[in-house]
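1. sequence unknown, structure follows:
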Ligand code: PSU
Ligand code: MN
């Protein structure tokens with residue numbers, strides 16, 4: 001489908017349209033982190049600050065969402081506020097996307113549907129906090145985030161701080177390998193674990209320069225190797241959490257989820273919320289810091305890629 005045919009479904013914000021027309025770099029941002037990942041008003045402040053970081057770097061932000069059935073590429077201030085405050089917003093993965101659009105509903109985009117939206121709009125890079133992945137115990141629950149399948153098929157690179165150890169990080173890396181998705185460490189040899197810089201899982205490639213990451217993206221897609229690239233950017237040392245503390249919080253959260261019979265799409269938000277409660281809000285500050293850090297790196301990669 002071309003961009004003009006997409007008009008029937010999609011609204012591209014004026015700022016984003018201008019950037020497209022001038023061939024200027026655009027970075028996509030997700031909205032599940034706003035609607036379901038952080039409490040108000042920190043969610044709104046964080047979303048606005050991310051957009052500001054991009055603009056200050058000369059990059060246009062395109063926060064993605066579905067509002068009243070319209071696919072949004074770039075949100076106005078009022079729309080951001082709506083996503084940050086409304087209870088009438090569905091966490092939307094790929095299976096939910098057409099349903100929400102066809103029925104005029106509201107959806108917050110996960111990494112999966114942010115990638116999908118970015119692909120439709122022709123945006124090569126998404127910045128997020130952490131990607132979904134293979135859950136612990138997936139060998140019996142089959143709970144594997146759709147994020148990984150969108151990464152497998154859509155030509156969109158994703159900057160993240162790795163994934164939380166609510167997931168099985170080793171299995172997540174295996175799954176990405178099977179589907180041909182390169183995972184590169186930014187200034188690290190190890191897959192970061194979101195709140196902490198290390199996970200014990202070695203990555204195959206360390207990249208120290210945003211320019212080189214942009215070259216990797218271009219080369220991969222020039223060669224017709226479809227799918228994304230995961231850029232794993234460790235949380236800054238000063239913002240990282242104590243490894244034992246966070247692991248304990250995650251263990252507790254996992255046990256609570258089991259006891260309460262949480263499953264399916266509720267699993268990730270439940271675990272995130274419980275970890276937040278157990279760590280008394282410290283994890284929220286770390287979460288915000290790593291999102292800003294990813295946004296800064298995303299801006300540099302997007303600018304380098306725009307010159308390729
Ligand atoms: N991990 C986080 N924070 C988040 C998410 C994951 O540390 O906010 C969100 C992202 O939007 C991600 C989604 O795409 O959860 C994955 O959900 P699921 O596991 O249900 O696929
Ligand atoms: Mn799931």
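-> Here it is on my side, so go on. Since this is a predicted model, take the numbers as computed values, not measurements. Ligands and ions are numbered 1, 2, ... in the order given.

2. how about the strands in the stretch 151-300 of the chain?
-> Per DSSP state E, counting those that start in this stretch, the stretch 151-300 of the chain has strands spanning 157-160, 183-186, 205-207, 230-232. These are given in chain order.

3. Angles on the backbone of the most centrally placed residue in the chain, please.
-> Taking C-alpha atoms, centre = their mean, the centroid of the chain lies closest to residue 128, which sits 3.1 Å from it. Note on residue 128: backbone dihedrals following degrees, to the nearest 10 are phi -140, psi -180.

4. Surely it and residue 163 touch.
-> No. Counting by C-beta atoms under 8 Å, residue 163 is not a contact partner of residue 128; they are 10.3 Å apart. C-beta here means a position set from N, CA and C on the backbone, and glycine is covered the same way.

5. For the stretch 201-308 of the chain, what lies in contact range of ligand 1?
-> 265, 268, 272 (C-beta under 6 Å from any ligand atom).

6. if I look at the residue lying farthest from the centre of the chain, how far off is residue 92?
-> The outermost residue of the chain relative to its centre, with distances by C-alpha atoms, centre = their mean, is residue 259 at 28.5 Å. Applying C-beta to C-beta, to the nearest Å, the value for residue 259 to residue 92 is 28 Å.

7. Could you name the helices and strands sitting against the helix or strand of the chain with the lowest mean pLDDT?
-> Taking mean pLDDT, DSSP states H and E as the measure, the chain has helix 3-6 as its least confident helix or strand, at a mean of 82. Judged by 3 or more C-beta pairs under 8 Å, 6 or more residues apart in numbering; DSSP states H and E, the packing partners of helix 3-6 are helix 111-121.

8. Same question for the least confident helix or strand of the chain: list its buried residues.
-> The neighbour-count check on helix 3-6 (16 or more other C-beta atoms under 10 Å) flags residue 6 as buried.

9. try stretch 280-296
-> 282-284, 286-296.

10. Check the offset of it from the chain's centre.
-> 13 Å (C-alpha atoms, centre = their mean, to the nearest Å).

11. Next: stretch 244-262.
-> 23 Å.

12. One more: stretch 46-63?
-> On the basis of C-alpha atoms, centre = their mean, stretch 46-63 is displaced by 15 Å from the centre of the chain it belongs to.

13. buried set for it?
-> Neighbour-count burial for stretch 46-63 [16+ other C-beta under 10 Å]: 46-48, 50-51, 53-54, 57, 59-63.

14. Sounds good, over and out.
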